[in-house]
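J.: coords please:
(2 chains)
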Amino acid sequence: MAILVEEDTKILIQGITGGFGGRHAQLSLDYGTQVVAGVTPGKGGQMFADQVPIFDTVEEAVAETGATVSALFVPPPFAGDAILEGVDAGLDLVCAITEGIPVTDMMKVKAGMQGKKTRLIGPNCPGIVTPGTGENSHGGCRIGIAPGYIHKKGSIGVVSRSGTLTYEAVWQVTSMGLGQSTCVGIGGDPINGTSHLDVLKMFNDDPETEAIIMIGEIGGSAEEEAAAWAKENCDKPIAGFIAGATAPPGRRMGHAGAIVSGGMGTAEAKKAAMADAGIVVAETPSEMGAALKKAMG
Amino acid sequence: MNIHEYQAKELFEKFGVPTPKGDVANTAEEARKIAESFDSNLYAVKSQVHAGGRGKGTFKNGYQGGVQIVKTAAEVEEAAKNMIGEVLVTHQTGEEGKLVSKVMVADAVEIEKEYYLSILMDREHSCPVIVASTEGGMNIEDVAEETPELIHKEVIHPLAGLQAYEVRKLCKKLGLSGGTAKAFAKTLKSLMKLFIECDCDMVEINPLVTTPDGEVMALDAKFSFDDNALYRHPEIQALHDPSEEDPREVEAAKYDLNYIGLDGNIACLVNGAGLAMSTMDIIKHSGGEPANFLDVGGGATQEQVANAFKIICSDPNVKGILVNIFGGIMDCDVIAKGIVAASKEVNLEVPLVVRLEGNNVAAGKETLANSDVDLIAADDLADAAKKAVAAIS
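T.: The predicted model follows:
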């Protein structure tokens, strides 16, 4: 077991013929992921890398291949439409990698998804990895842009807003000889589909996950909400880290959502909320692995 | 992205949010002509800089106050002469201040009462939220802290939009009735239309005033636009004033680099926003001060890395450099080659600490070792930060 995706989950790639989407589709294939379809309007009937059929619509791709999850690399002006197309086709999960989607577009997309079965991860996220059992975790399900080889099948769940910080945490966990159940990048945008809290609940319910690393950053209050829930409800040890303690107020630190405004969303408040919930907070990103060890006792 | 007050006034006029009569002037003479163009016995002359606290600011020439209320067109000209071409220092500009190249001349309308009104994109509800208060003209964060009961919020449905009952509720809470309530309703609807159509993150009117004639007017405004949506608003992009920004940031933007200048002396070059923030944090944690935030992105090219390197080296405050790369997909050797190429070009004179990890790291380390670049290699991020701090002390 893992969360969100298993080794044999069939995925399709929206935007597979773009440079970025194509490159990462190939890396997922190389990792052993079940990439069964691509979708690019107007390019239906072609093949990707001589092995993955391309369709004009998500509906056709689902009907022909049985794909249940989408990795979305569609450029920002068309990404909102592409997410809703995935929802319309009844996918279980849409994972939007695209960075730079206008906030009002995401507002409408999120409202349009109300009551539908599809879950959205992202946008502006590195994706999801459920490591496989092969060499360098080959054979796992890699959705998005994370480097597959740094993973190792195991029992640590990782959830983060940031890509490279996730890799940093994953690498430390792997180097310690432990491995990951699933790693989820929820993205750095102010409006996203899945929160830290949503993922914590999934890890808590997943029998394979024994401990959790939760990585947050300045801006918003999602980390505080997750910590408050964990304090009362989470049965598993959690280690945490928050980036952006030295970020100047009022400035967006790379991620559209990483901003301290009006004294809200500071690293200090988030760390305090985590510590209050019994989460072992790493002072620096180098200490995430050590914090995990401490949390696990 | 932020804009000037006069640009905000132009946007308000376009969408039907009432503002006092007035215009923007580039010279003292233009300022006088604007004052002469409409009848008034009181004029406001306002320095056009992005920073707040203009009224209480001081010019480097000794002139007090970046906002003046005067009685005649001649006095308007005099005030404008003291502001245009001068540097204004406020609590938000820092010591170096901001050069004032334009002033706004406006009718200083008679005020009955001041209010606060803003719309912002709320991440918790994933939709716009209206914030209104009877405590206009004050710092709203102070009001929220001291008298939270005087702050009224309406959460707007993302698809249905602003409803009439929501406006009525706010009018009731603000104590507005009759013609003033009608004028407020019209203003708020116009403001909401502007907020959505221009892809704003936030628009704030402080103060919004009522006049003895029952009019409602925006006397000052602050806008923040969603950078992600600027591609579909060339007219708003055209309002961008690079002279209001750190020149290093303007330069970095040319190469699609995410750079924010800070006051410290250890520069950093990192891939990924989260890791870049954490690198700043760990420099501070190790006893140093970061000179910048710099995210070269997940797919940076050798050229981008070289340009990033040049920008951080051009900062005279920089006494040391920390490069922290976790090459996931990004090839560490690409980064290494970029560093070598750039350090040759910029004639590197400060210590350089490099931490490389990840994809093709062996080749990257070999590229660095075989070059004649003088650098300090680090094993992990903590080690790199310690070495960077030690190297400059």
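
J.: so what are the domain limits for chain B?
T.: Domain assignment for chain B by automatic domain parsing gives B:21-107, B:113-237, B:247-392.

J.: between these, which one is nearest to A:P285?
T.: Closest to A:P285 of the domains of chain B is domain B:247-392 (CB to CB; 4.4 Å). Just so you know, the C-beta spots here come from the backbone N, C-alpha and C atoms, and that holds for glycine as well.

J.: End to end on that closest one, go ahead and measure it.
T.: 25 Å (CA to CA, to the nearest Å).

J.: do stretch B:228-236 as well
T.: End-to-end distance of stretch B:228-236 (CA to CA): 12 Å.

J.: Which helix or which strand is home to B:K33?
T.: B:K33 is part of helix B:28-36 when elements are defined by DSSP states H and E.

J.: Please disregard the earlier target; I meant A:T166.
T.: Judged by DSSP H and E, A:T166 forms part of helix A:163-175.

J.: Would you mind identifying the next helix or strand past that helix?
T.: Proceeding N to C from helix A:163-175, the next assigned helix or strand is strand A:180-185, under DSSP H and E.

J.: ok, and for that next one, which residues are buried?
T.: Within strand A:180-185, the residues scored as buried using 16 or more other CB atoms under 10 Å in any protein chain shown are A:180-185.

J.: what's the farthest-apart pair in these?
T.: Maximum pairwise distance among these (CB to CB): 14.8 Å, between A:S181 and A:G185.

J.: Now do the helix holding A:T166: everything it contacts.
T.: By CB atoms under 8 Å, 6 or more residues apart in numbering or on different chains, the list of residues contacting helix A:163-175 from outside reads A:125-126, A:129, A:145-147, A:150-152, A:154, A:156, A:158, A:160, A:179-180, A:183, A:185, A:213, A:215, A:217, A:241, A:243, A:285-286, A:288-289, A:292, B:270-272, B:274-275, B:278, B:298, B:326, B:328, B:357-358, B:381.

J.: ok, back up a step: using CSV, please lay out the buried residues of strand A:180-185 together with distance to chain B.
T.: CSV is the format used below for those (distance: CB to the nearest CB, whole Å):
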residue, distance to chain B
A:Q180, 14
A:S181, 20
A:T182, 17
A:C183, 12
A:V184, 14
A:G185, 10
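
J.: rewinding a little: of the contacts of helix A:163-175, keep whichever come out buried.
T.: By neighbour count, with 16+ other CB under 10 Å, the contacts of helix A:163-175 hold A:125-126, A:129, A:145-147, A:150-152, A:154, A:156, A:158, A:160, A:179-180, A:183, A:185, A:213, A:215, A:217, A:241, A:243, A:285-286, A:288-289, A:292, B:270-272, B:274-275, B:278, B:298, B:326, B:328, B:357-358, B:381 as buried.

J.: other SSEs contacting the helix or strand A:A269 falls within?
T.: Here A:A269, judged by DSSP H and E, is contained in helix A:267-276. On a contact count with 3 or more CB pairs under 8 Å, 6 or more residues apart in numbering or on different chains; DSSP states H and E, helix A:267-276 meets strand A:211-217, helix A:222-233, strand A:238-243, strand A:280-281.

J.: From the contact counts, what lies against the second one?
T.: The one in question is helix A:222-233. Other helices and strands packing on helix A:222-233, by 3+ CB pairs under 8 Å, 6+ apart, are helix A:196-205, strand A:211-217, strand A:238-243, helix A:267-276.

J.: Nearest to B:A8, out of the ones you listed?
T.: With CB to CB, the closest approach to B:A8 among these belongs to strand A:211-217: 30.5 Å.

J.: That closest one pairs with which strands, and in what direction?
T.: Using DSSP bridges, strand A:211-217 pairs in its sheet with strand A:153-160 (parallel), strand A:238-243 (parallel).

J.: Just want the angle from the longest one to strand A:180-185.
T.: The reference is to strand A:153-160. An angle of 20 degrees separates the directions of strand A:153-160 and strand A:180-185 when computed by axes from the mean of the first three to the mean of the last three CA atoms, to 10 degrees.

J.: now swap in the shortest one and tell me
T.: For the pair strand A:238-243 and strand A:180-185, the angle between their directions (the same axes, to 10 degrees) equals 30 degrees.

J.: and stretch B:114-127, which residues are buried?
T.: For stretch B:114-127, burial by neighbour count (16+ other CB under 10 Å) applies to B:114-123, B:126-127.

J.: same question for that stretch, mean pLDDT?
T.: If you average the pLDDT over stretch B:114-127, you get 93.

J.: likewise stretch B:202-217?
T.: Stretch B:202-217 comes out with an average pLDDT of 94.

J.: Counting neighbours, what do you get for B:V323?
T.: By the criterion of other CB atoms under 10 Å in any protein chain shown, B:V323 has 30 neighbours.

J.: what separates the residue of chain A found nearest chain B from A:A258, distance-wise?
T.: Chain B sits closest to A:S162 of chain A, with a gap of 2.3 Å, by CB to the nearest CB. Look at A:S162 and A:A258: by CB to CB, to the nearest Å, they are 9 Å apart.

J.: Hmm, B:V334 and B:Q302 touching each other?
T.: Yes: look at B:Q302 against B:V334 with CB atoms under 8 Å: they come within range, at 5.4 Å.

J.: So if I had to pick from those two, which one is more boxed in?
T.: More neighbours surround B:V334 than the other of B:Q302 and B:V334, with 22 against 18 (other CB under 10 Å).

J.: give me phi/psi at the more buried one?
T.: With angles defined as degrees, to the nearest 10, B:V334 sits at phi -60, psi -40.

J.: you'd agree it is up against B:E303?
T.: No: using CB under 8 Å, B:V334 makes no contact with B:E303, being 10.0 Å away.

J.: what's the burial count for residue 192?
T.: No chain was given, so I picked chain A. Around A:N192 there are 25 other residues, counting by other CB under 10 Å.

J.: try again with chain B
T.: Neighbour tally, B:M192, other CB under 10 Å: 20.

J.: can you tell me which residues contact it?
T.: Residues near B:M192 by CB under 8 Å, 6+ apart: B:119, B:128, B:130, B:156, B:161-162.

J.: Could you list which of those also contact chain A?
T.: With CB under 8 Å from any CB of the partner chain as the criterion, those include B:P128 near chain A.

J.: of the contacts of B:M192, buried ones?
T.: Buried subset of those (neighbour count, 16+ other CB under 10 Å): B:119, B:128, B:130, B:156, B:162.

J.: Among those, which ones are in helices?
T.: Members of these lying in helices (criterion: DSSP state H): none.

J.: could I get these as TSV with distance to B:G261?
T.: Below are the buried ones among the contacts of B:M192 laid out as TSV (distance: CB to CB, whole Å):
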residue	distance to B:G261
B:I119	30
B:P128	31
B:I130	34
B:I156	36
B:L162	39
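
J.: out of these, who's nearest chain A?
T.: Nearest to chain A among the buried ones among the contacts of B:M192, counting by CB to the nearest CB, is B:P128 at 7.9 Å.

J.: need the contact list for the closest residue to that closest one other than its chain neighbours.
T.: Distance criterion CB to CB, 6 or more residues apart in numbering or on different chains; nearest residue to B:P128, sequence neighbours excluded, is B:I156 at 4.5 Å. Applying CB under 8 Å, 6+ apart to B:I156 gives the contacts B:127-130, B:162, B:166, B:192.

J.: Quick check: the residue of chain B nearest chain A.
T.: Nearest residue of chain B to chain A, counting by CB to the nearest CB: B:G274, 2.3 Å away.

J.: Please confirm that that residue is located within a helix.
T.: Yes: judged by DSSP: H, G, I helix; E, B strand; the rest coil, B:G274 forms part of a helix.

J.: does it really touch A:G188, like I thought?
T.: Yes: with contact defined as CB under 8 Å, B:G274 and A:G188 form a contacting pair (7.3 Å).

J.: Common neighbours of those two, please.
T.: Common contact partners of B:G274 and A:G188 (CB under 8 Å, 6+ apart): A:161-162, A:217, A:254-255.

J.: These: which two are farthest apart?
T.: A:R161 and A:G254 (10.9 Å).

J.: Who has more neighbours out of these two?
T.: Under the criterion of other CB under 10 Å, the comparison of A:R161 against A:G254 puts A:R161 first, with 33 against 27.
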